[in-house]
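Novice: Dropping a prediction and its sequence here:
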Amino acid sequence: MLNKFKKLPQVLWDFIEAEQPSWPLAFFRIGLGSICMGKMIALHSSFTELYGQYGFIQWTISKFSNYSFLPHLGDLSVLLTNNLGTSSDNSTLLLLYLYFILCTMLIAGLFTRFTTIALFFLHLAFINTGSAVIYGVDVFTQMSLFYGIFFPLGSAYALDNKIGITPFRKRSAGAGMALRCIQIQMCLVYFSTAIEKSMGIQWWNGEAIWRTFMMPIFKTYDFSWLANHSWIAIVTGIFVLILEAGYSIAMWIPKLRVVCFFLITLLHLQISVLMGMWFFGFVMIFLSSFAFGLYILKDLSPILYIISRRIKSTRAARTVPRIAES
């Protein structure tokens, strides 16, 4: 027993440092850049009202409510205004266009490390400035950008490989550590969320589901009929608690992993459709796909192999009569 305890640190280190394929890092880079770009494209038409100097929350207020050492669009716009002679709103729009350029560079994998660092601080400036539109997707996007600074995102299927900045690596320990990092992060997120939700009565008696669907900000469809079928809200709330609490266990068990991934994906798709929180749903599905997608594909490989064999046999059966007729 003592020998097993002594070997535990090495076992844990081998688990974290194990080499993994690098192609999921390209998936992480492209997906993260697309989510960053997509959210700002959705807000582009109201960008000045949300992030401008005299928007819904003026820079004076948003800067006062944050730590002075954190990046803020006001400070960056002042630098551009002083050097380019433009107005504050035009300077803010220039920062938005710079943001789009950085997102494009991240997707393409060009100067990946520098791009990720710059995008991390610029996205943080958007968060500190536009607190009126900040919610879960911004938190998880910022978290992903932070991890991306240290992940070898330019090691696979990136322009950095083509121009010789970073060599292409089919497998690496860095890819394995990146994968483990997000896996542990997602397990902690869902488990802690389930614990926090379960400490109140709202998720046990269906009140949380009822309020969510009836709040004006989330009310996409009419769910007033739930008042006559309260058991649906109760069962749904308990199901969410069980699913989120069991995520950190089920995703490590091959026989349960595919089912859990399907259910958690379905949950976030329902949140996207029923509550209109599309980008939050996308970022959560994206992170789970990166964390455990490689294992899901391995678990499904026997089924996919059978399906591919049947498709080939069907095509062959259709081809034989045609050859005979000719």
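Specialist: Looks like it came in fine.

Novice: what's the following helix or strand after the helix or strand bottoming out on mean pLDDT in the chain?
Specialist: Lowest on mean pLDDT, DSSP states H and E among the helices and strands of the chain sits helix 2-17, with a mean of 71. As assigned by DSSP states H and E, the chain's next helix or strand after helix 2-17 is strand 20-21.

Novice: Tell me which strands that following strand pairs with, and in which orientation.
Specialist: Strand pairing for strand 20-21, determined by DSSP bridges: strand 171-172 (antiparallel).

Novice: Phi first, then psi, for Val240.
Specialist: phi -60, psi -40 (degrees, to the nearest 10).

Novice: hang on, I meant Trp204
Specialist: With angles defined as degrees, to the nearest 10, Trp204 sits at phi -90, psi -30.

Novice: you'd agree Leu226 is up against Thr212?
Specialist: No. With contact defined as C-beta atoms under 8 Å, Leu226 does not count as touching Thr212 (10.5 Å). Glycine gets a C-beta too; all of them are placed from N, C-alpha and C.

Novice: tell me the secondary structure for the spatially most central residue of the chain?
Specialist: Centroid-nearest residue in the chain: Val283, 2.8 Å away (criterion: C-alpha atoms, centre = their mean). Classification of Val283 by DSSP: H, G, I helix; E, B strand; the rest coil places it in helix.

Novice: so who does it touch?
Specialist: By C-beta atoms under 8 Å, 6 or more residues apart in numbering, the contact set of Val283 is Ile35, Gly136, Val137, Phe140, Thr141, Ser144.

Novice: Next: Phe28.
Specialist: Ser144, Gly148, Phe151, Leu153, Ala178, Ile182, Phe290.

Novice: what about it, helix or strand, and which?
Specialist: For Phe28, the host element (DSSP H and E) is helix 23-43.

Novice: Likewise for Phe279?
Specialist: Judged by DSSP H and E, Phe279 forms part of helix 278-325.

Novice: can you tell me how far the closest residue to Ala42 other than its chain neighbours sits from Glu49?
Specialist: Using C-beta to C-beta, 6 or more residues apart in numbering and skipping the chain neighbours, the partner closest in space to Ala42 is Phe279 (7.3 Å). Distance, Phe279 to Glu49, using C-beta to C-beta, to the nearest Å: 19 Å.

Novice: And Gly281, by the same measure?
Specialist: From Gly281 over to Glu49 the distance is 25 Å, taken as C-beta to C-beta.

Novice: When those two are compared, which one has more neighbours?
Specialist: Using other C-beta atoms under 10 Å as the criterion, Gly281 and Glu49 rank with Gly281 on top: 21 against 14.
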